[in-house]
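Asks: mind folding the following:
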Amino acid sequence: MPHSSSHAQSLRSAARPTGPEVESLLRDMFGTAIATAQPSLRIPEFLPAPPAGKTIVIGAGKASAAMARAVEDHWPGPLEGLVVTRYGYEVPCRRIEVVSAAHPVPDRNGVDAARRVLAKVRGLGADDLVLCLISGGGSALLSLPADGMTLADKQAINQALLSSGATISEMNCVRRHLSAIKGGRLAAACHPARVVNLIISDVPCDALCDIASGPTVPDPTTGADALAILKRYKVPLSPALMALLESGQIESVKAGDARLPTIESHLIATPQLALEAAARRAQAAGIPAYILGDAIEGEAREVGTVMAGIATQVNRRDQPFHAPCILLSGGETTVTVRGTGRGGRNVEFLLSLGRALNGEPGVFAVAGDTDGVDGQEEIAGAILRPDTLARARERGMSASDSLQDNDAHGFFQALGDSVITGPTLTNVNDFRAVYIAGRPPG
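Replies: Down below sits the predicted model:
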């Protein structure tokens, strides 16, 4: 709830934090969001009791190796398994094998890993347990083309969708229907063993079928849905692949399918959990924080423009929140790539926000991907200050030109304002925090 006007006045009259203090707080909040979603903290309370039979651990995603290590550290009995993670996100394990593959465009290692994961779960009995560790990035990392497709086909379609402006839900619908392991197919292969999914969500609304494209949960979408998405975004498709989708021969596994075993799913970390932790960090510093939503989607630059309008209203009018305050949001925006620059959805949001604010006094922001990689570079995001555009102009750079060329990484890197975390070993999607100082009294 907004604070009373008297409380807002007292906050505004107190010593106002300096620019470096604000930047430090925003960075700390981003770090807090990442820290609260660490597998070592989240895994233990969700582990099931050991089964009468074998325990097989499988998994895919940017956090899967860290999740596997947490399982090993807290599992009371014997186990074995295999997980696949992104290059650079490996964590040493003793009993669970960790392999690496490419993200966001799949490679041969991901295909080989997917085949080996399927082999791990075949031939299990009703007394056996499959512990499945799923996190964001699993769609690319656990990649097994459907019959009639090649890896090159999947790579081309994936790359086209990444540049098209399609939402993550749309992309994953296509991925499920062009896969021999996703869309519930891995779960079907586990039958009749019990399956327990431990999941770190990186998608809006925490839809289980969209996290890593739902390899161990049933799929509510159809091949016709996938085909409609490909046509909507004008993704080139060979006649053979189009006929394959239209035939229904590669349909995903639906709820009620007799091949599905007993499945139990736990969301162990989510974007909302991370935003709430960041809000507590702000409040501990004496700054009220408001979560606007954990599932915000749309074109990154358009979301940035809208957020600038909200921030300006708060800064100048004390509506709908009293300043000083921090506005938090998460979700997964999209970028329709038209330029040739270096960027990601978080820095594109931030550059659009800065252009629309046009140096609005007292407004700072951070935006980043909690996995440490925004787009396809090892840069998590960036910091925006009131003087960002002015400093850019001094260097002969234009925010508008950089935005048009999808070159937000290049823009912020030239200013020294990139946020680099390295591999975070988790992934709870995008993080955005906008600090609004408000106009000084008088």
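
Asks: can you give me the strands in the stretch 1-150 of the chain?
Replies: For the stretch 1-150 of the chain, the strands defined by DSSP state E, counting those that start in this stretch occupy 55-60, 80-86, 96-101, 129-134.

Asks: redo those as TSV? Include mean pLDDT and distance to Leu241.
Replies: Placement of C-beta: from N, CA and C, glycine included. Shown next, in TSV, are those (pLDDT from 0 to 100; distance: least, C-beta to C-beta, whole Å):
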stretch	mean pLDDT	distance to Leu241
strand 55-60	98	24
strand 80-86	97	25
strand 96-101	98	23
strand 129-134	98	27
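
Asks: redo those as CSV? Include distance to Ser352.
Replies: Rendered in CSV, the data for these read as follows (distance: least, C-beta to C-beta, whole Å):
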stretch, distance to Ser352
strand 55-60, 32
strand 80-86, 27
strand 96-101, 32
strand 129-134, 32
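
Asks: indicate which one of those is closest to Leu47.
Replies: Minimum separation from Leu47 across the strands of the stretch 1-150 of the chain (C-beta to C-beta) falls at strand 129-134, 8.0 Å.

Asks: wait, Leu162 sits on Pro104?
Replies: Yes. Leu162 lies in contact with Pro104 (C-beta atoms under 8 Å); the separation is 6.1 Å.

Asks: if we can go back for a sec, need the strands of the stretch 1-150 of the chain in CSV (columns: distance to Val335 and mean neighbour count).
Replies: CSV is the format used below for those (distance: least, C-beta to C-beta, whole Å; neighbours: other C-beta atoms under 10 Å):
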stretch, distance to Val335, mean neighbour count
strand 55-60, 24, 28
strand 80-86, 20, 25
strand 96-101, 23, 20
strand 129-134, 25, 28
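
Asks: closest to Leu389 out of the ones you listed?
Replies: Nearest to Leu389, of all the strands of the stretch 1-150 of the chain, is strand 80-86, at 34.0 Å by C-beta to C-beta.

Asks: dump that closest one to PDB, keeping only the CA atoms.
Replies: C-alpha atoms of strand 80-86 as PDB (Å, rounded to 0.1, in the frame of the first residue of the first chain):
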ATOM      1  CA  GLU A  80      23.200 -42.100  -9.800                       C
ATOM      2  CA  GLY A  81      22.400 -39.900 -12.700                       C
ATOM      3  CA  LEU A  82      23.200 -37.400 -15.500                       C
ATOM      4  CA  VAL A  83      22.400 -33.700 -15.900                       C
ATOM      5  CA  VAL A  84      23.200 -31.300 -18.800                       C
ATOM      6  CA  THR A  85      24.000 -27.600 -18.200                       C
ATOM      7  CA  ARG A  86      25.300 -24.600 -20.200                       C
END
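
Asks: distance from the chain centre to that strand, please.
Replies: In terms of C-alpha atoms, centre = their mean, to the nearest Å, the centre of strand 80-86 is found 19 Å from the chain centre.

Asks: re the thing from before, so which of the strands of the stretch 1-150 of the chain comes closest to Leu142?
Replies: Using C-beta to C-beta as the measure, strand 55-60 is the one of the strands of the stretch 1-150 of the chain that comes nearest Leu142, at 3.8 Å.

Asks: for Ala49, find the nearest of the strands of the stretch 1-150 of the chain.
Replies: Ala49 lies closest to strand 129-134 among the strands of the stretch 1-150 of the chain, at 9.0 Å (C-beta to C-beta).

Asks: among the strands of the stretch 1-150 of the chain, which is nearest Arg316?
Replies: Arg316 lies closest, by C-beta to C-beta, to one member of the strands of the stretch 1-150 of the chain: strand 80-86, at 43.0 Å.

Asks: sheet partners, orientation included, of that closest one?
Replies: When sheet partners are counted by DSSP bridges, strand 80-86 sits next to strand 55-60 (parallel), strand 96-101 (parallel).

Asks: my read: Val84 touches Leu144, true?
Replies: No. Here Val84 does not reach Leu144: they are 11.2 Å apart, not a contact under C-beta under 8 Å.

Asks: Val99 versus the residue nearest to Val84 when sequence neighbours are not counted, what's the distance?
Replies: Excluding the flanking residues, the one nearest Val84 by C-beta to C-beta, 6 or more residues apart in numbering is Ala113, at 4.0 Å. Here Ala113 is placed at a distance of 5 Å from Val99 (C-beta to C-beta, to the nearest Å).
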